[in-house]
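[1] 3D, please:
(one chain, ligands or ions: 1)
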Amino acid sequence: MAATLDQSPPSPLAIVLMERILSEGPLSFATFMESCLYHPEYGYYMGPRQRIGRDGDFFTSSSVHAIFGQLIAKQLHQMWEVLGCPVDFIIAEQGAGTGHLAQDILTALQVDYPDFYSKLRYCIVEISADNRLRQGELLASHQRCVSWCEQNDLAGMVGCYLSNELVDAFPVHLVEQRDGKLLEVFVSVEHGSFHEILQEPATEALSGYLKWVDVELAEGNRAEINLAAPSWLCNVAELLQRGFVLTIDYGYLASELFAPWRTSGTLMCYYQHTTDANPYIRVGEQDLTTHVDFSALIKAGVESGLQQLFYGDQCKFLLGLGFVDALLQAQAREVEPHHAQALRLTLKNLILPEGGMGEIFKVLIQGKGVQAENLLCARSLRDLPLPVSGF
Ligand SMILES: C[S@@+](CC[C@H](N)C(=O)[O-])C[C@H]1O[C@@H](n2cnc3c(N)ncnc32)[C@H](O)[C@@H]1O
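    Residues are numbered from 1 along each chain as shown. This next block holds a predicted model:
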């Protein structure tokens, strides 16, 4: 099985994990990945480092432009109205990164919907102390309504539970179909390097998952199974008394994610805006991520009492919320023509299908105890007023 080809000295976390493997035996890939990302001392998300944006390792939609948050703010305002403008509306954001999405949402609400802004509470659930610190600094001007809490503190909430690129950061199990049997990847150590071995799965939940989403792995194929994703969604559904769950991430429905032609899964490592498929290098110093199985989120939602209100590409979601108009307005505020041109190119990234974030990113909105057939984001271009000026 593939061993690391890394010639550089092992990172502090690699040493910790090798010692653990030598004393406890091979670790499931999910345990290995969990340490890479969330080891309290050396995990990628836990230490002080720039992860998102130009000086980090990857971009997210909220790091591209404030328009992303401004349009989500519009959708949140409509959700508030659909619920009857309650005085205890909570926007809960789990995995808020640098806090830019929260900042853009709150600033837009303050300007465009002051009544809603004056009533809402914005509660952040964030695993990383370093990120909590960054969020606190960025959101200082909104401190009246922002607070941090544990997920379970939100029990009984009325409002919207929001996440952008959270679920892709959950640790996953790696599996392979060999000689008609499902096997699991474990991480071992050989000659001082990480080394993968295939074993019987440690839990029957892995084959149970594939049956549940109604797929079979093709012979020889490797795939990831994110057991944490559906259980996270069930927990969110239970916490919510009334309202919405808005999940944005890259991914597909199970039939596409586990398709026979996808022979080696979607696991990807990000470091300084370069990608690699080797999780055994820069251990704890690079991001590890996988595409989300939206079938699992939809199914888990249905099983825990959520109604599916919207599922579609980020492109459709943003266009429905008035992306074109917002783009034209932002462009009109730019005085320098080349700044306006740069703005257009940046914003195109949010909706472009190929090479951009428009198609690979999906948006899922689920509801509990709400009647919401006409969400703004579901509007088709036909239903939108034409912008007054052209490009
Ligand atoms: C890929 S980043 C996305 C950041 C941000 N939402 C954005 O769009 O820029 C993942 C975020 O989720 C956080 N995170 C990961 N697992 C988490 C968990 N179980 N609970 C809370 N936050 C978590 C990470 O610390 C990080 O802030």
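[2] Excluding chain neighbours, give the residue nearest to residue 349 in space.
    Spatial nearest neighbour of residue 349, excluding adjacent residues (Cβ to Cβ, 6 or more residues apart in numbering): residue 356 at 4.7 Å. Bear in mind the C-beta positions are built from the backbone N, C-alpha and C, glycine included.
[3] Look up how far residue 120 lies from the one you found.
    Distance, residue 356 to residue 120, using Cβ to Cβ, to the nearest Å: 31 Å.
[4] Pick out whichever of the two has more residues nearby.
    Set residue 356 next to residue 120 and count neighbours by other Cβ atoms under 10 Å: residue 120 wins out with 24 against 17.
[5] near the ligand, which residues of the stretch 101-250 of the chain?
    Proximity of the stretch 101-250 of the chain to the ligand, by Cβ under 6 Å from any ligand atom, involves residues 101, 125-128, 131, 164-166, 169.
[6] run the last query once more with 8 Å
    Within the stretch 101-250 of the chain, the positions near the ligand by Cβ under 8 Å from any ligand atom are 101, 125-128, 131, 151, 163-166, 168-170, 228, 232, 248.
[7] Just those: which are in strands?
    125, 163-164, 248 (DSSP state E).
[8] can you list those residues in JSON lines and add neighbour count and pLDDT?
    Below are these laid out as JSON lines (neighbours: other Cβ atoms under 10 Å; pLDDT from 0 to 100):
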{"residue": "125", "neighbour count": "20", "pLDDT": "98"}
{"residue": "163", "neighbour count": "22", "pLDDT": "98"}
{"residue": "164", "neighbour count": "26", "pLDDT": "97"}
{"residue": "248", "neighbour count": "25", "pLDDT": "98"}
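[9] Just name the closest of those to the ligand, please.
    residue 164 (3.8 Å; Cβ to the nearest ligand atom).
[10] residues contacting that closest one?
    60-62, 95, 97, 101, 248-249 (Cβ atoms under 8 Å, 6 or more residues apart in numbering).
[11] Closest one of those residues to residue 135?
    Residue 135 has its nearest neighbour among those in residue 97, at 8.0 Å by Cβ to Cβ.
[12] give the contact list for the residue nearest to the closest one when sequence neighbours are not counted.
    Among residues not flanking residue 97 along the chain, residue 52 sits closest, at 5.3 Å (Cβ to Cβ, 6+ apart). Residue 52 makes contact with 58-60, 63, 97-98, 100, according to Cβ under 8 Å, 6+ apart.
[13] The ligand versus residue 52, what's the distance?
    Between residue 52 and the ligand the computed distance is 5 Å (Cβ to the nearest ligand atom, to the nearest Å).
[14] again, but for residue 177
    For residue 177, the distance to the ligand - Cβ to the nearest ligand atom - is 29 Å.
[15] and that residue, how many neighbours does it have?
    Count around residue 177 with other Cβ under 10 Å applied: 17.
[16] List the residues that contact the most centrally placed residue in the chain.
    With distances taken as Cα atoms, centre = their mean, the residue of the chain nearest its centroid is residue 165 (1.6 Å). Contacts for residue 165 were tallied using Cβ under 8 Å, 6+ apart; they are 60-61, 95, 97, 248-250.
[17] Looking at these, spot the one nearest residue 218.
    Using Cβ to Cβ, residue 250 comes nearest to residue 218 of the contacts of residue 165, at 22.3 Å.
[18] Counting neighbours, what do you get for the closest one?
    Residue 250 has 20 nearby residues by other Cβ under 10 Å.
[19] From here on, call the first residue 39.
    Got it, first residue is 39 now, which makes that one residue 288.
[20] For residue 384, see how far away it is.
    19 Å.
[21] What helices and strands are in contact with whichever helix or strand residue 384 is part of?
    Using DSSP states H and E, residue 384 sits within helix 375-389. Helix 375-389 is packed against helix 99-102, helix 105-120, helix 352-358, helix 361-371, with contacts defined by 3 or more Cβ pairs under 8 Å, 6 or more residues apart in numbering; DSSP states H and E.
[22] now the angle between helix 105-120 and the next helix or strand after it, please.
    Next helix or strand after helix 375-389 toward the C-terminus (DSSP H and E): strand 399-406. Inter-element angle recorded for strand 399-406 and helix 105-120: 20 degrees (by axes from the mean of the first three to the mean of the last three Cα atoms, to 10 degrees).
[23] For strand 399-406, name the packing helices and strands.
    Packing partners of strand 399-406 (3+ Cβ pairs under 8 Å, 6+ apart): strand 278-290, helix 332-341, strand 345-351, helix 352-358.
[24] filter the residues of the stretch 139-288 of the chain next to the ligand to the buried ones?
    139, 163-166, 169, 189, 201-204, 206-208, 266, 270, 286 (16 or more other Cβ atoms under 10 Å).
[25] pLDDT score assigned to the closest residue to residue 55 other than its chain neighbours?
    Using Cβ to Cβ, 6+ apart and skipping residues adjacent in sequence, the residue nearest residue 55 is residue 73, 5.9 Å away. Listed pLDDT for residue 73 reads 98.
[26] How many residues are close by residue 148?
    With other Cβ under 10 Å as criterion, residue 148 counts 16.
[27] Report the contact partners of it.
    Counting by Cβ under 8 Å, 6+ apart, residue 148 has contacts 155, 180.
[28] ok, it to the ligand distance?
    Look at residue 148 and the ligand: by Cβ to the nearest ligand atom, they are 20 Å apart.
[29] ok, that residue to residue 231 distance?
    Distance from residue 148 to residue 231, counting by Cβ to Cβ: 53 Å.
[30] quick one on the thing from earlier: check what pLDDT the residue nearest to residue 387 gets.
    73.
[31] elements contacting the helix or strand harbouring residue 70?
    Per DSSP H and E: residue 70 is located in helix 67-76. The helices and strands touching helix 67-76, judged by 3+ Cβ pairs under 8 Å, 6+ apart, are helix 50-62, strand 211-216, strand 219-228, strand 325-327.
[32] any idea of the mean pLDDT in the third one?
    Within the predicted structure, the mean pLDDT of strand 219-228 is 98.
[33] The shortest one too?
    Computed over strand 325-327, the mean pLDDT rounds to 97.
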